[in-house]
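Peer 1: Here is a sequence together with a model predicted from it:
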Amino acid sequence: MQTEVTGNLSGLKASEIKALERLYRRRVAPTEVVSSELAAELAEQSMEIHRQVGVLIDRRGTIAHVMVGDASKILLPDVGRMRGGQGRLRGLRLVHTHLRGESLTRDDFTDLALLRLDAVAAITVDASGKPGKLFIGHLSADPDAPPDRPWHELPAEPATAPRTNFADLIAQLEADQARLGRALVSGAQGQGGDRVLLVHVGIGKARDSEARVAELRELCRTAGVKVLDVMLQRRPEADPRFLVGRGKLDEILLRAMQLGAEVVIFDPDLTPGQARSISDATELKVIDRTMLILDIFAQHATSRDGKLQVELAQLRYALPRLIEKNTMMSRLTAGPGGKAGLGGRGPGETKLEINRRRARERIQILEKRLEDLAGDRRLRRQRRVDREIPVLAICGYTNAGKSTLLNALTHGNALAADKLFATLDPISRGSA
C-alpha cells in the first residue's frame, strides 16, 4: 500500500509526517466525495502545519496519494497516464484544504481540466481547525462552455455533512463526456487525419501573422489533418521555456481538451528546450511548423533520393528534440510510439540514450547513401553537357503552378494539385 507523502515537507516534524501518512488508512464510501471523518482530519492537520493538505481518492474510496502544499496552493504528484476510452475521466478526485476560506481557485480548476480528474473539492478550515464549507467542481460537457472555463462548480455544502452523491455524479459525468467526445469525432469525420489545434505567436513587431496563419492552414490541408481552432498571441519576445508563457500554455491545453484535439502545432518553430517543456506538460502530440512541413515532404516524396533526403532532414531536426515521450520524433500521420526502430533498452543505456545513438547512426548511413546518389546525378549532368543538350529550369514558390506549366510545355503527366509541396521530387521532361 502507498504510504509516501509528497510535496512541501520541509520543516515538518517526524510526528507531523507520520500523522499525514496515517491518512492512507482512511476509506471513503463510493457515494461520498469525502467522508466527514476524513474532512475533519484533513482540516485538523492542515491547521496544525499551516499548509494545504490534499488527497487523491480513487473510485473504490482508497487514498492513492497524500500531498502537502503551502498556505495558498498544493502541488500534485505525477498521476500517470490517462485511462483509456472515449470520454473517460482519470478515476481520481482531488480533495484538499483551503486555509483562507476561499472557494475553488483557478489553479484548482486548471488541475481538474488538464489532468481530467473526476472532481476537485476544497474544504475550508476555520480558526479552530474545524472543517467548514465543501466546494466541489467537475468538468463540463457543454460544447458552448467558454474555452478557458470548461468546468462547473456546485453550490457549497457542509464539509461535515456533504450532500452530493459521488457515484451518481461520476456516472452522469462520464456519460455526458462520452456523448461530447462522440460529437467531436463525428464532426471531424470525412475530414480525415488527426484533429489539430494551431497556435501562432507573433514576436516583437512582426506584422505577418495573418499570412502565416493562412499558410499554416494550407499546410494542414495538404497534410490531411483537421484544424479545429487557431489561437493567437502577441509577445515582445518568446518565452524561453514555453514560447507562450505558462498561463497561456494552460489555456491552450484547456482548449485542446475541450475540442478533442490530438495534436498541437506551434508557429514559429520551437527550440529543443521549449519542445521538451511543452511535451512534459501534456500527453498530446506536440510539433511545430517545420515538423509539419517535413511530414508533408515525407508523404509526397516518391523517388529514392527524395525519401532519403526527407528522412535525413527529419532526423537532423528531431535529434536535439528527442525526449522520453518522443513526440517530436513522431510523424504527424504515425501512430502512438513514434518512429519504428528508435526504442528498446540495452545494457548501461537508457531508452533516450539509445534513441539518440541510433538516430546518429542512421544519419551517417543516410549521408553516405545520398553521397553515392549525388555521384550518379553528376554523371548524368555531365552526359547532357557532353551531348550539348540545352537545359531549362522552372523555379517558383510552392503551389505557384510549376508542374502545370511543365505539363503544358512538354505534354507531360507530372502531378499537378492545388496543394503546398504536392510535387516534391525534381522532374525532368524532354521538349514537346
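Peer 2: Perfect, I can see it now.
Peer 1: Which parts of the stretch 151-300 of the chain are strands?
Peer 2: Secondary structure of the stretch 151-300 of the chain (DSSP state E, counting those that start in this stretch): strands located at 151-153, 157-158, 195-203, 226-235, 263-267, 285-288.
Peer 1: Tell me the neighbouring strands of the first one, and mark each as parallel or antiparallel.
Peer 2: Meaning strand 151-153. Sheet pairing of strand 151-153 (DSSP bridges) gives strand 131-139 (antiparallel).
Peer 1: could I get the partner strand in CSV with only the CA atoms?
Peer 2: Extracted C-alpha coordinates of strand 131-139, given in CSV (Å, rounded to 0.1, in the frame of the first residue of the first chain):
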residue,chain,number,x,y,z
PRO,A,131,-13.9,21.9,8.6
GLY,A,132,-16.3,24.5,7.2
LYS,A,133,-17.7,24.5,3.7
LEU,A,134,-17.1,22.0,0.9
PHE,A,135,-16.8,23.3,-2.6
ILE,A,136,-17.0,20.8,-5.5
GLY,A,137,-16.2,21.3,-9.2
HIS,A,138,-16.2,19.0,-12.2
LEU,A,139,-15.7,19.2,-15.9
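Peer 1: Can you name the residues in contact with it?
Peer 2: With contact meaning CB atoms under 8 Å, 6 or more residues apart in numbering, strand 131-139 is reached by 33-34, 36, 39-40, 42-43, 89, 101, 103-104, 108-109, 112-113, 116, 118-126, 150-154, 156-160, 162, 164, 169, 173, 177. All C-beta atoms are positioned from the backbone trio N, CA, C, and that covers glycine.
Peer 1: make it 7 Å
Peer 2: With contacts defined as CB atoms under 7 Å, 6 or more residues apart in numbering, strand 131-139 is touched by 33, 39-40, 43, 103-104, 108-109, 112-113, 119-126, 150-154, 156-160, 162, 164, 169, 173, 177.
Peer 1: could you give the mean pLDDT of it?
Peer 2: Strand 131-139 shows a mean pLDDT of 95.
Peer 1: Stretch 51-70 now?
Peer 2: 96.
Peer 1: now swap in stretch 156-170 and tell me
Peer 2: Averaging pLDDT along stretch 156-170 gives 94.
Peer 1: Tell me which stretches of the stretch 1-150 of the chain form helices.
Peer 2: 14-21, 36-49, 106-115 (DSSP state H, counting those that start in this stretch).
Peer 1: export those helices to a markdown table and tack on distance to Thr222 and mean neighbour count?
Peer 2: As requested, the helices of the stretch 1-150 of the chain are exported to a markdown table (distance: least, CB to CB, whole Å; neighbours: other CB atoms under 10 Å):
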| stretch | distance to Thr222 | mean neighbour count |
| --- | --- | --- |
| helix 14-21 | 55 | 14 |
| helix 36-49 | 54 | 20 |
| helix 106-115 | 31 | 19 |
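Peer 1: Would you single out the least confident of the ones you listed?
Peer 2: Note on those: lowest mean pLDDT is at helix 106-115, with a mean of 89.
Peer 1: Skip the chain neighbours and tell me the closest residue to Ser128.
Peer 2: Leaving out its chain neighbours, the residue that sits closest to Ser128 by CB to CB, 6 or more residues apart in numbering is Met47, at 7.8 Å.
Peer 1: before we move on, what about Leu56?
Peer 2: Leaving aside its sequence neighbours, Leu56 sits nearest to His65 (CB to CB, 6+ apart; 4.1 Å).
Peer 1: if I look at Gly202, how far off is Asp267?
Peer 2: When CB to CB, to the nearest Å is applied, the distance between Gly202 and Asp267 equals 10 Å.
Peer 1: got a list of what the residue minimising distance to the centre of the chain touches?
Peer 2: In the chain, the centroid-proximal residue (CA atoms, centre = their mean) is Leu284; its distance is 2.7 Å. Residues in contact with Leu284, defined by CB under 7 Å, 6+ apart, are 256, 261-264.
Peer 1: still on that earlier bit, can I assume the residue nearest to Ser128 is in contact with Ala127?
Peer 2: No: using CB atoms under 7 Å, Met47 is not in contact with Ala127; the gap is 8.2 Å.
Peer 1: still on that earlier bit, got JSON lines for the strands of the stretch 151-300 of the chain, with mean neighbour count too?
Peer 2: Below are these laid out as JSON lines (neighbours: other CB atoms under 10 Å):
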{"stretch": "strand 151-153", "mean neighbour count": "17"}
{"stretch": "strand 157-158", "mean neighbour count": "14"}
{"stretch": "strand 195-203", "mean neighbour count": "21"}
{"stretch": "strand 226-235", "mean neighbour count": "16"}
{"stretch": "strand 263-267", "mean neighbour count": "24"}
{"stretch": "strand 285-288", "mean neighbour count": "25"}
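Peer 1: Can you lay out those as TSV showing distance to Arg316?
Peer 2: TSV is the format used below for those (distance: least, CB to CB, whole Å):
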stretch	distance to Arg316
strand 151-153	42
strand 157-158	58
strand 195-203	24
strand 226-235	27
strand 263-267	19
strand 285-288	15
